[in-house]
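[1] Next input, structure requested:
(chains A, B, C and D)
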There are 2 protein chains.
Amino acid sequence: MSKAEQKKSDSSTEERIKEAARVVFLRKGFAATRTRDIADEAGINLALLNYYFRSKAKLFEIIMTEALSRFVSKIQHVLDDEDTSLEAKISEMANQYIDLLLEEPEIPTFLVTEIRTNPKALNMKFTLAQKIVSSVFFRQYQEAFQQRKVSEVHPLNFMLNLIGLIVFPFIAKPLLMEAVGIETGEFKRVMEQRRKLIPIWLKLMMEGA
Amino acid sequence: MSKAEQKKSDSSTEERIKEAARVVFLRKGFAATRTRDIADEAGINLALLNYYFRSKAKLFEIIMTEALSRFVSKIQHVLDDEDTSLEAKISEMANQYIDLLLEEPEIPTFLVTEIRTNPKALNMKFTLAQKIVSSVFFRQYQEAFQQRKVSEVHPLNFMLNLIGLIVFPFIAKPLLMEAVGIETGEFKRVMEQRRKLIPIWLKLMMEGA
DNA sequence: GTCTATAACGTGATAGAC
DNA sequence: GTCTATCACGTTATAGAC
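    Okay, the predicted model is just below:
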């Protein structure tokens, strides 16, 4: 079997386990996940999981770090681009995040859930907050704000709206599907609309109030 | 000890346990909660918990139902008011929900987390979805939409924006406090601003796109 | 009703054969 | 490297004294 084939069809055992762990942890969270679930999902034995990764906690740590990292690094180059306007960055963020989340819709709820019970998971906090605060995006955002008349509106509102308009639908998705009867296809179409609407809405909100 | 005193100071044992369960379940979720945590929080013995409520699952069921119920019924009379405009209802929803969530900020994340792993928890789905769909609010909302020119914007977007703008900050709160360094007082001030801004924003969004 | 002690079970982790 | 068998422990739930 060639290397390419191997990577595609079954990959290494270690990688298979990690992939299974990602699926199960993201769907059920750390506390509700049984290591046996991961072993089953990977199609291997429970002992093997501990052979490769010393413990459930270690394995989780890896998945958590990767999820956070993907969420942040995906848009870092966007935030740090000196040559694009604030508006362009907002559009690009909406695009990048909606792309990412259509592929992995569980990420937001996963992060929210795990940070709730274990805020120290954010020892990446310097990484995360500092990346944003030190970004070109943040500078442009502050400049735009100071140009407003007597803006008594707390700057945090803008951030909450930007992230919330993008992310909240994915958090509400299970509820939408179960209680409102929305289907996957319809949800996707709504998100494709939002991809274009969110930048427009944000502009209106900033100018209007 | 008078009845009033009893109710205020220690209440009945059953009520104390239920109250403790609410606190712990809402903070940590079902899977991460140990019945011992609840017993400790209530200041009673573990056996007593099973004496009053047959099992952890039964006790959780009660808390879950009440949380969902509070979330829905709190605004039902608002939704069904024949005598107020759509705009007034939006303002009233923002007010009612922000009041509720400033008191109990854990509710949204709790519901999101538990519905994720157990969507059947929404066998109240008829109750919930039907209450909205059959409400005066929903009728007014559809009328407002049909008056738009060629509104190709999916109606779900409005609902997502209304709920998301209100609820998302509470979901993001732990992250804001840990990674961004927001304090409780500052968060409250932001929410007091949003109470007034959200109706304005929504109007702008509906008219603009 | 409330407690202590303990049973019954599930889960994370390891030993040891292959 | 991968498996089966099993341990060690934590957790839910119950029995039984008071």
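[2] what does chain A put close to DNA strand C?
    Contacts of chain A with DNA strand C, taken as Cβ under 7 Å from any atom of the strand, map to A:33-36, A:46-47, A:50, A:54-57. Where C-beta positions appear, they are placed from N, C-alpha and C, glycine not excepted.
[3] and A:Gln76, what pLDDT?
    With respect to pLDDT, A:Gln76 has a value of 89.
[4] so who does it touch?
    When contacts are counted by Cβ atoms under 8 Å, 6 or more residues apart in numbering or on different chains, A:Gln76 touches A:131, A:135.
[5] Distance check, it against DNA strand D.
    34 Å (Cβ to the nearest atom of the strand, to the nearest Å).
[6] go on, A:Asn118?
    15 Å.
[7] Tell me the spacing between the residue lying closest to A:Ile62 once chain neighbours are set aside and DNA strand D.
    Computed as Cβ to Cβ, 6 or more residues apart in numbering or on different chains, the closest residue to A:Ile62 that is not its neighbour in sequence is A:Lys18, at 6.9 Å. Using Cβ to the nearest atom of the strand, A:Lys18 is found at 12 Å from DNA strand D.
[8] Show me what the strand or helix carrying A:Lys18 is packed up against.
    Assigned by DSSP states H and E, A:Lys18 belongs to helix A:13-32. If contacts are counted by 3 or more Cβ pairs under 8 Å, 6 or more residues apart in numbering or on different chains; DSSP states H and E, helix A:13-32 sits against helix A:35-42, helix A:46-52, helix A:56-73, helix A:107-117, helix B:13-32, helix B:107-117.
[9] Could you identify which of the residues of chain A next to DNA strand C has the most neighbours?
    Highest neighbour count within the residues of chain A next to DNA strand C, by other Cβ atoms under 10 Å in any protein chain shown: A:Thr33, with 21 neighbours.
[10] In contact with A:Ala121, which residues?
    Contact analysis of A:Ala121 by Cβ under 8 Å, 6+ apart lists A:64, A:68, A:114-115.
[11] Which single one of those residues is nearest to chain B?
    Closest to chain B out of those is A:Ile115 (5.3 Å), distances taken as Cβ to the nearest Cβ.
[12] surely that closest one meets B:Lys173?
    No. Taking Cβ atoms under 8 Å as the definition, A:Ile115 is not a contact partner of B:Lys173, at 10.0 Å.
[13] Not counting its neighbours along the chain, what's nearest the residue most central in space within chain A?
    By Cα atoms, centre = their mean, chain A has its centre lying nearest to A:Phe71, at 4.2 Å. Nearest residue to A:Phe71, sequence neighbours excluded (Cβ to Cβ, 6+ apart): A:Ile107, at 6.3 Å.
[14] how big is the angle separating the helix of greatest length in chain A from helix B:184-208?
    Criterion DSSP state H: the longest helix present in chain A is helix A:184-208. Angle between the axes of helix A:184-208 and helix B:184-208 is 100 degrees (criterion: axes from the mean of the first three to the mean of the last three Cα atoms, to 10 degrees).
[15] Helix A:184-208 packs against which elements?
    Contact analysis of helix A:184-208 by 3+ Cβ pairs under 8 Å, 6+ apart lists helix A:86-103, helix A:156-175, helix B:156-175, helix B:184-208 as its packing neighbours.
[16] Quick one: mean pLDDT for it?
    What helix A:184-208 shows for mean pLDDT is 96.
[17] tilt between it and helix B:156-175?
    Going by the same axes, to 10 degrees, helix A:184-208 makes 70 degrees with helix B:156-175.
[18] between helix A:184-208 and helix A:86-103, how many degrees?
    Orientation check (the same axes, to 10 degrees): helix A:184-208 against helix A:86-103 gives 160 degrees.
[19] Can you give the distance of helix A:184-208 from its chain's centre?
    Here helix A:184-208 is found 18 Å from its chain centre; the criterion is Cα atoms, centre = their mean, to the nearest Å.
[20] Then stretch A:75-88?
    18 Å.
[21] What of stretch A:73-91?
    On the basis of Cα atoms, centre = their mean, stretch A:73-91 sits 17 Å off its chain's mean C-alpha point.
[22] Now it: buried residues?
    Residues A:75, A:78-79, A:86, A:89-91 are the ones in stretch A:73-91 that count as buried (16 or more other Cβ atoms under 10 Å in any protein chain shown).
[23] Output stretch A:202-209 in CSV with nothing but the alpha carbons.
    This file holds the C-alpha atoms of stretch A:202-209, laid out as CSV (Å, rounded to 0.1, in the frame of the first residue of the first chain):
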residue,chain,number,x,y,z
LEU,A,202,-22.7,46.0,11.0
LYS,A,203,-22.2,49.1,9.0
LEU,A,204,-25.8,50.2,9.5
MET,A,205,-25.5,49.5,13.2
MET,A,206,-22.3,51.5,13.6
GLU,A,207,-23.6,54.5,11.7
GLY,A,208,-27.1,54.4,13.1
ALA,A,209,-26.2,54.2,16.8
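[24] Would you agree A:His154 is in contact with B:Val190?
    Yes. Using Cβ under 8 Å, A:His154 is in contact with B:Val190, at 4.9 Å.
[25] so what sits against both of those two?
    Joint contacts of A:His154 and B:Val190 (Cβ under 8 Å, 6+ apart) do not exist.
[26] ok, the residue nearest to the centre of chain A - contacts?
    A:Phe71 makes contact with A:100, A:107, A:111 under the criterion Cβ under 8 Å, 6+ apart.
[27] again, only using 10 Å
    Each residue near A:Phe71 by Cβ atoms under 10 Å, 6 or more residues apart in numbering or on different chains is listed here: A:97, A:100-101, A:104, A:107-108, A:110-111, A:128, A:167.
[28] what's the span of stretch A:39-56, first residue to last?
    Counting by Cα to Cα, to the nearest Å, you get 11 Å between the two ends of stretch A:39-56.
[29] I'd like the distance between A:Leu122 and B:Glu178.
    Distance, A:Leu122 to B:Glu178, by Cβ to Cβ, to the nearest Å: 5 Å.
[30] next one: A:Lys58
    From A:Lys58 over to B:Glu178 the distance is 22 Å, taken as Cβ to Cβ.
[31] which of these two has more neighbours?
    Higher neighbour count among A:Lys58 and B:Glu178: B:Glu178, with 18 against 11, using other Cβ under 10 Å.
[32] and the nearest residue to that one once chain neighbours are set aside, how far is that from B:Glu183?
    Nearest residue to B:Glu178, sequence neighbours excluded (Cβ to Cβ, 6+ apart): A:Pro119, at 4.5 Å. Relative to B:Glu183, A:Pro119 is positioned 14 Å away (Cβ to Cβ).
[33] Name the residue in these two with the higher neighbour count.
    More crowded of A:Pro119 and B:Glu183, by other Cβ under 10 Å: A:Pro119, with 15 against 10.
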